[in-house]
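*Asks:* take a look and give me a structure for this.
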Amino acid sequence: MSNTKQPEYLTFRCPLTVEAATSSDKPMPSFRMVAYTGGVMRISGFPHPVVVDLEGLALDRQDIPVRLDHNPRQGVGHTQRVAIENGKVVAEGLISRDTSWARDVAKSAANGFPWQASIGAAVVDAEFVPNGHQVNVNGRTFVGPLHVVRQAVLKEISFVDSGADAATSARIAAQQKEQSSMTKPNATSTESQPDAGQTDGNTDTAETTADVATETKATETPAQEPKAAPAAPATPATVNAAADDDILTKMRQRMAAETRRVEAIRKLCGGKHPDIEAQAIEEGWDETKVELHILRASRPASPAVRTTPRNTSPQVFEAVAMMASGLPNSQVEALYAEPVLEAADKLRGVGIQEFCELASGQHLPRFRRDATGWLQAAFSTTSLPGILSNIANKMLLEGYNYVEDAWRRIAKIASVNDFKEHTRYRMTGSFQFQQVGPDGELKHGQLGEQQFGQKADTHGIMFALTRQMIINDDMGAFTDIPRQIGMGAAEAIADAVWGLWLRNPVQSDGKAFFHADHKNYLTGVDTALTVDSLTDAEVAFASQTKPNGKPLGIAPSLLLVPTALKVPAEMLMKSLLLN
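*Replies:* Okay, the predicted model is just below:
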């Protein structure tokens with residue numbers, strides 16, 4: 001179905017004929033038009049071509065208002081006869097309003113202005129035909145996409161000054177005083193028939209339009225007009241009026257039948273089957289089909305069979321292991337999405353054996369009371385590297401971050417390509433600005449370097465689930481061991497850094513890193529942690545110089561002490577801040 005909202009009102013062009021009299025009685029000018037021929041039109045407001053179903057077009061009255069440019073305030077006249085003849089909508093009427101717009105229309109037509117007509121109808125029901133689908137309307141077959149106006153009511157006719165089809169036309173004919181006002185329109189209708197046929201062909205691609213042209217005084221003589229002519233239109237008008245009433249009656253019958261069908265569907269569904277109710281109304285089901293679908297929907301559903309999930313995603317088993325390890329819920333929730341956590345919660349409390357069975361996606365025999373059988377079955381292994389490695393990595397990281405890492409604040413981490421002895425260099429230099437002499441020559445800065453040696457080593461450890469762990473069915477072993485290994489890794493790095501620090505290695509100048517000659521080492525009883533010793537240490541730090549002899553110019557920010565001096569150092573720092 002098209003999602004574009006369809007207008008509730010439409011207008012389309014049509015050919016018309018305006019007849020003006022020149023006798024002393026000045027009878028009102030009349031017009032005749034072919035409003036619609038049953039073909040395809042292009043109408044503003046509809047995204048696709050439009051076909052109006054003539055069977056659903058209601059002509060609820062014969063005296064339809066005639067206006068100028070569809071403006072209710074600009075009245076022109078009214079119709080005397082509107083009918084559907086030979087698959088066409090035909091209208092005849094009088095310019096009967098005593099308004100400036102009515103006089104303008106009549107006078108302009110007499111002067112030869114090419115008036116056109118536009119008909120307005122209220123849309124009651126419209127159907128969209130999708131692309132490629134066919135529909136039969138007005139005895140013709142049309143291919144979508146297009147809109148079919150199934151029900152509409154003719155409301156008004158307007159004179160307009162522009163149209164899309166310049167090939168159609170109508171004429172103005174002068175009447176003799178003794179001629180009937182209905183005789184000439186009939187003759188004009190016969191003469192204008194080829195134009196109507198041309199309009200019919202053009203309606204397949206554009207709106208039905210009409211141009212109004214003027215003609216000189218009629219050449220027919222009164223002898224050619226039968227005296228009984230004034231009564232001639234009575235019979236066709238009566239027949240067409242009866243046909244219009246019949247069409248309107250059929251339309252109302254269809255609407256009443258549809259209303260009864262919808263009410264019957266709603267009564268059968270009783271508000272308990274909204275999906276069936278909506279589908280039945282949309283697809284035009286009858287009561288029998290609705291009852292059948294309700295009966296099927298009312299059958300009792302088979303009882304649900306609860307089964308243990310077999311093919312659960314690896315993330316679910318990772319979350320299960322995290323929960324079993326005692327990891328805080330806040331951390332677990334930060335690692336996994338809500339659906340994963342819900343599935344993992346259903347498996348909370350499983351042991352190692354059942355965990356392996358579920359992770360392998362197999363229903364293995366239960367060996368809860370026969371651990372030997374489980375171990376024998378384990379010879380036919382199922383590898384779970386992805387799940388186990390992810391669990392181990394997360395717990396390794398948690399244990400690694402758990403250990404104190406103050407060494408990071410005084411050391412720098414670097415990478416090497418191999419395990420050979422490597423030498424690193426730190427660039428030094430003297431770049432203090434020198435006074436420029438009279439000749440404007442700038443002095444060159446001095447570059448230097450400091451050399452440091454380093455060598456990488458390998459540290460590691462391995463673990464495995466022991467036979468006792470498997471027999472005890474301890475799920476916590478999956479996570480406790482990796483966590484301890486992570487802590488061990490952090491401790492190994494800390495031991496390596498602090499061991500190197502305490503060894504005070506010899507530098508490239510043959511002296512230890514902390515040495516009196518480097519002005520970074522104080523000895524003696526006065527170096528115990530007191531306010532005076534802290535003052536001496538700060539003075540010594542401020543006295544540090546670059547290789548060029550200039551002050552280092554870096555303010556101290558850290559006080560590094562062993563564990564035994566942590567509390568005195570904190571008290572000393574706080575007392576300094578307070579005083």
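*Asks:* for stretch 396-403, buried residues please.
*Replies:* Leu396, Glu398, Gly399, Tyr400 (16 or more other CB atoms under 10 Å). Using the backbone N, CA and C atoms, a C-beta is placed for each residue, glycine as well.
*Asks:* same question, stretch 270-282
*Replies:* His273, Ile276, Glu277, Ala280, Ile281.
*Asks:* nearest to Met33, of those?
*Replies:* Ranked by distance to Met33 (CB to CB), these are led by Ile281 at 39.0 Å.
*Asks:* could you say what helices and strands the host helix or strand of the closest one packs with?
*Replies:* If you go by DSSP states H and E, Ile281 is part of helix 274-283. Packing contacts for helix 274-283, counted by 3 or more CB pairs under 8 Å, 6 or more residues apart in numbering; DSSP states H and E, involve helix 234-269, helix 287-298.
*Asks:* next, the angle helix 287-298 makes with that helix.
*Replies:* With axes from the mean of the first three to the mean of the last three CA atoms, to 10 degrees as the basis, helix 274-283 and helix 287-298 are set at 160 degrees to each other.
*Asks:* what's in contact with helix 274-283?
*Replies:* By CB atoms under 8 Å, 6 or more residues apart in numbering, the surrounding residues in contact with helix 274-283 are Val262, Ile265, Arg266, Cys269, Trp285, Lys289, Val290, His293, Ile294, Ala297.
*Asks:* with only the CA atoms kept, save it in CSV.
*Replies:* Taking C-alpha atoms only, helix 274-283 is exported to CSV below (Å, rounded to 0.1, in the frame of the first residue of the first chain):
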residue,chain,number,x,y,z
PRO,A,274,-7.0,-8.1,17.6
ASP,A,275,-4.6,-9.5,15.0
ILE,A,276,-7.3,-11.7,13.4
GLU,A,277,-9.8,-8.8,13.5
ALA,A,278,-7.4,-6.3,11.8
GLN,A,279,-6.5,-8.9,9.1
ALA,A,280,-10.1,-9.8,8.4
ILE,A,281,-11.2,-6.2,8.0
GLU,A,282,-8.2,-5.4,5.8
GLU,A,283,-8.5,-8.4,3.5
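*Asks:* picking that back up, between the contacts of helix 274-283, which is nearest Val76?
*Replies:* Nearest to Val76 among the contacts of helix 274-283, with distances taken as CB to CB, is Val262, at 41.4 Å.
*Asks:* what about that closest one, how many neighbours?
*Replies:* Residues within reach of Val262, counting by other CB atoms under 10 Å, total 13.
*Asks:* spell out which residues make up each domain of the protein.
*Replies:* Annotated domains of the chain cover 9-232, 249-298, 309-411+423-428+446-503, 514-579 [automatic domain parsing].
*Asks:* how about Trp443: what's its closest non-neighbour residue?
*Replies:* You called it Trp, but residue 443 is Lys. Nearest non-adjacent residue to Lys443, counting by CB to CB, 6 or more residues apart in numbering: Gln434, 4.2 Å away.
*Asks:* what's the distance between the one you found and Leu552?
*Replies:* Distance, Gln434 to Leu552, using CB to CB, to the nearest Å: 20 Å.
*Asks:* cool, Val340 as well?
*Replies:* Distance, Val340 to Leu552, using CB to CB: 54 Å.
*Asks:* the two: who's more crowded?
*Replies:* More crowded of Val340 and Leu552, by other CB under 10 Å: Val340, with 21 against 12.
*Asks:* give the contact list for the more buried one.
*Replies:* Ser313, Gln315, Val316, Ala319.
*Asks:* any regions of the protein where pLDDT drops low?
*Replies:* Applying pLDDT under 70 to the chain flags residues 1-26, 162-245, 301-312, 325-326, 349-354, 357-392, 425-432, 445-452, 463-479, 576-579.
*Asks:* could I get the contacts of helix 274-283 as TSV with distance to Arg503?
*Replies:* Putting these into TSV (distance: CB to CB, whole Å) gives the following:
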residue	distance to Arg503
Val262	94
Ile265	92
Arg266	91
Cys269	88
Trp285	91
Lys289	93
Val290	92
His293	87
Ile294	89
Ala297	83
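*Asks:* and Leu57, how many neighbours?
*Replies:* When neighbours are counted by other CB under 10 Å, Leu57 registers 24.
*Asks:* relative to Ala91, how far out is it?
*Replies:* Leu57 sits 12 Å away from Ala91, taking CB to CB as the criterion.
*Asks:* one step back: which of the contacts of helix 274-283 count as buried?
*Replies:* Among these, the ones that count as buried by 16+ other CB under 10 Å are Ile265, Cys269, Trp285, Val290, His293, Ile294.
*Asks:* which residue, other than its chain neighbours, is closest to the second one?
*Replies:* Pointing back at Cys269 there. Take Cys269 and drop its neighbours on the chain: the residue closest to it by CB to CB, 6+ apart is Glu277, 4.1 Å away.
*Asks:* now that neighbour: how far from Val525?
*Replies:* The value you get for Glu277 to Val525, if CB to CB is used, is 98 Å.
*Asks:* just Glu421 next, same as before
*Replies:* In terms of CB to CB, Glu421 sits 39 Å off from Val525.
*Asks:* who has more neighbours out of the two?
*Replies:* Legend: neighbour count by other CB under 10 Å for Glu421 and Val525, higher for Glu421 (10 against 6).
*Asks:* could you double-check that that one lies in contact with Asp457?
*Replies:* No - assessed by CB atoms under 8 Å, Glu421 is found out of contact with Asp457, at 11.5 Å.
*Asks:* how many neighbouring residues does Val567 have?
*Replies:* 10.
*Asks:* on the three-state scheme, it is what?
*Replies:* Assigned state for Val567: helix (three-state reduction, DSSP: H, G, I helix; E, B strand; the rest coil).
*Asks:* report the contact partners of it.
*Replies:* By CB under 8 Å, 6+ apart, Val567 lies in contact with nothing.
*Asks:* can you check Thr530 too?
*Replies:* So Thr530 contacts Leu572 (CB under 8 Å, 6+ apart).
*Asks:* which of the three states applies to Ala83?
*Replies:* Here Ala83 is recorded as strand under three-state DSSP.
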